[in-house]
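Q: sequence below, structure please.
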Amino acid sequence: MMTRSIRGRFLLVSVTSVLVALLLASLVLISLFTRSLEARIDQELTSHVNNLAGSLRFAADGTLELPDRPIDRRFEEAYGGLYWQVEDDGKAQRLRSASLWDYALPLPGDEQETGAVHRYRLPGPEGHDLIVQERKITFAAPGGARAIRIAAAMDASVVDQASRGFAMDLIPYMSALAAFLIAASLAQLTFGLKPIASVSQALDRIRERKAERMTGPFPAELQGVVNAVNQLLDAQTKLFEKARSRAADLAHGLKTPLTVLSNDAATLRERGETDIADELAHLASVMQAHVNHELARSRIVGNAAMRQSDADLGVSIARLVRTLKRTPQGEALHWDIAIPEGTTVALDPQDLSELLGNLMENASKWSRTTVSVRATQDAGTTRLVIEDDGPGVDPADLKTMRERGKRLDLTTQGTGIGLAIVSDIAEVYGLGLTIENVDTGGLRVSLTF
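A: Numbering: from 1, shown residues only. This next block holds a predicted model:
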């Protein structure tokens with residue numbers, strides 16, 4: 001969602017700000033244009049009033065006479081949009097431009113200061129609004145001085161049409177400016193947020209186990225976050241190592257008392273107290289299995305994200321095979337290994353060794369002639385299959401053989417915790433683990449990474 005993204009929020013604010021700013025700027029420009037146009041109209045009307053005043057004549061009987069020639073040809077066009085009107089209240093005489101035709105301007109009858117220009121908005125011909133300027137001027141006429149009212153008017157629709165035209169002309173330019181400003185904001189945003197990518201890349205390196213801490217040049221604004229993350233990683237590592245060390249110390253600390261208890265059981269058996277000896281030996285065996293299990297678990301990471309690095313499957317298996325070949329069982333076996341070079345899995349190398357060590361040791365223990373270890377890769381998934389050609393397992397025991405301390409053959413040396421550890425590691429890393437009998441004989445263990 002856009003509101004959950006820093007980039008989206010900046011973009012939303014930027015687009016909104018640009019659009020609002022350009023809208024307000026457009027309104028201001030239209031207003032300035034309208035005021036400028038009205039000022040020019042006022043100047044033109046003032047000029048017409050002055051020209052009319054200079055053209056008026058008085059007859060011998062004191063009546064007003066029309067100008068000899070039209071001041072502006074537009075005054076001759078009926079309802080042409082430009083009008084004049086002269087009124088002599090003393091003689092009750094009114095002169096009008098031909099453009100007014102049969103219409104008279106309804107000039108207000110209020111008292112006016114002589115020489116002052118008055119501006120009105122009055123109804124005009126055909127229902128149009130007019131911008132009107134009126135001026136009262138005192139003339140020397142036969143029979144004495146007289147005050148004459150002179151008015152010039154223009155259709156106000158000229159202003160409205162010009163303002164609308166200016167607004168329409170402004171739209172494409174403002175749209176282009178908006179597109180440019182938004183693009184500039186996007187460029188600024190991309191450049192400004194680019195340093196955040198370095199933090200994300202550093203975290204990816206930690207997640208991929210290519211680094212243990214966030215390193216590299218970071219923006220000063222993010223350095224505090226980087227320091228906090230590094231402190232958290234350091235504290236987590238120390239806490240994990242401390243927990244593993246304490247578990248290991250506890251397990252090792254119990255080994256000596258258990259050894260003594262086993263020796264005491266042997267001594268009692270030599271004295272003929274076999275019942276007590278068997279019971280003590282059983283308790284010691286159970287406790288030893290529990291200690292071994294916890295000791296092995298203490299070496300497993302708490303979760304997959306805490307692994308130190310990814311592991312090379314081929315390298316780990318080759319190392320284990322070399323070790324098992326030195327044992328009496330492993331030395332006599334044929335090891336069929338087929339692992340694609342460079343196959344890595346998202347397991348801690350130590351945990352992978354623990355996992356494969358238990359499985360391959362069991363395979364070598366029960367196999368007659370051959371142990372097969374093969375890996376295949378498909379769509380990012382790695383599948384490892386370990387097979388032996390031993391006797392296999394009773395189908396009824398397949399579901400219970402992963403339980404801690406569960407031993408299906410007490411004549412073979414072991415604690416019965418190997419598959420339990422394998423199950424623990426598989427659970428931590430979310431691995432697919434299946435155990436099944438092979439039709440030709442033997443046991444097959446499949447791991448899906």
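Q: for the rest of this, base every contact and every neighbour count on C-alpha atoms.
A: Fine.
Q: and the chain, split by domain according to the record?
A: 51-158, 233-298, 306-448 (automatic domain parsing).
Q: which of these sits closest to Ala211?
A: Nearest of the domains of the chain to Ala211, taken as CA to CA: domain 306-448 at 8.3 Å.
Q: just to revisit the earlier point, next, format the domains of the chain as TSV and append distance to Gly224 and mean neighbour count.
A: Converted to TSV, these look like this (distance: least, CA to CA, whole Å; neighbours: other CA atoms under 10 Å):
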stretch	distance to Gly224	mean neighbour count
domain 51-158	64	16
domain 233-298	14	16
domain 306-448	23	17
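Q: among those, which comes closest to Ala187?
A: Per CA to CA, nearest to Ala187 of the domains of the chain: domain 233-298, 34.4 Å.
Q: where among the domains of the chain is average confidence lowest?
A: Note on those: domain 233-298 shows the lowest mean pLDDT, a mean of 72.
Q: follow-up on the earlier one: could I get the domains of the chain as CSV with distance to Leu203?
A: Formatted as CSV, those follow (distance: least, CA to CA, whole Å):
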stretch, distance to Leu203
domain 51-158, 66
domain 233-298, 11
domain 306-448, 13
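Q: what is the burial count for Arg205?
A: Counted with other CA atoms under 10 Å, residues neighbouring Arg205 total 16.
Q: once you drop chain neighbours, what's closest to it?
A: In this structure, Arg205 finds its nearest non-sequential neighbour in Ala211, 5.5 Å apart by CA to CA, 6 or more residues apart in numbering.
Q: measure Met168 to Val20 for me?
A: From Met168 across to Val20, the span is 18 Å (CA to CA, to the nearest Å).
Q: beta partners for the nearest residue to Pro395 once chain neighbours are set aside?
A: Of all residues not flanking Pro395 in the chain, Asn437 sits nearest, at 7.8 Å (CA to CA, 6+ apart). Bridge pairing for Asn437 (DSSP bridges) gives the partners Leu443.
Q: what sits against Asn437?
A: Applying CA atoms under 8 Å, 6 or more residues apart in numbering, we find Asn437 in contact with Gly392, Val393, Pro395, Leu443, Arg444.
Q: now for those residues, which pair is the farthest apart?
A: Longest span within these, CA to CA: Pro395 and Arg444, 12.8 Å.
Q: distance between stretch 249-264 and the chain's centre?
A: 57 Å (CA atoms, centre = their mean, to the nearest Å).
Q: again with stretch 346-356
A: 36 Å.
Q: tell me the buried residues in stretch 32-40?
A: Phe33, Thr34, Leu37, Glu38 (16 or more other CA atoms under 10 Å).
Q: which two from those residues end up farthest apart in space?
A: It's Phe33 and Glu38 that sit farthest apart of the buried residues of stretch 32-40, by CA to CA, at 8.6 Å.
Q: wait, Pro195 touches Ala220, no?
A: No - at 10.1 Å, Pro195 does not count as touching Ala220 under the criterion of CA atoms under 8 Å.
Q: show me what the host helix or strand of Ala25 is packed up against.
A: Here Ala25 is covered by helix 6-55, with elements defined by DSSP states H and E. With contacts taken as 3 or more CA pairs under 8 Å, 6 or more residues apart in numbering; DSSP states H and E, helix 6-55 sits against strand 129-141, strand 144-155, helix 157-207.
Q: related to what we said a few turns ago, export the contacts of Asn437 to JSON lines and tack on distance to Glu77?
A: JSON lines is the format used below for the contacts of Asn437 (distance: CA to CA, whole Å):
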{"residue": "Gly392", "distance to Glu77": "116"}
{"residue": "Val393", "distance to Glu77": "116"}
{"residue": "Pro395", "distance to Glu77": "113"}
{"residue": "Leu443", "distance to Glu77": "112"}
{"residue": "Arg444", "distance to Glu77": "108"}
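Q: phi, psi of Gly392?
A: As for Gly392, its main-chain torsions (degrees, to the nearest 10) stand at phi 80, psi -170.
Q: show me the strands in the stretch 301-449 of the chain, by range?
A: Applying DSSP state E, counting those that start in this stretch to the stretch 301-449 of the chain gives strands spanning 311-312, 334-338, 344-345, 370-378, 381-388, 432-437, 443-448.
Q: so what are the sheet partners of the fourth one and their directions?
A: Strand pairing for strand 370-378, using DSSP bridges, gives strand 334-338 (parallel), strand 381-388 (antiparallel).
Q: go through these and name the closest to Ser99.
A: Using CA to CA, the strands paired with strand 370-378 put strand 381-388 closest to Ser99, at 92.1 Å.
Q: show me how far the closest one is from its chain's centre.
A: Counting by CA atoms, centre = their mean, strand 381-388 is centred 40 Å from the centre of its parent chain.
Q: and that strand with strand 432-437, angle?
A: 30 degrees (axes from the mean of the first three to the mean of the last three CA atoms, to 10 degrees).
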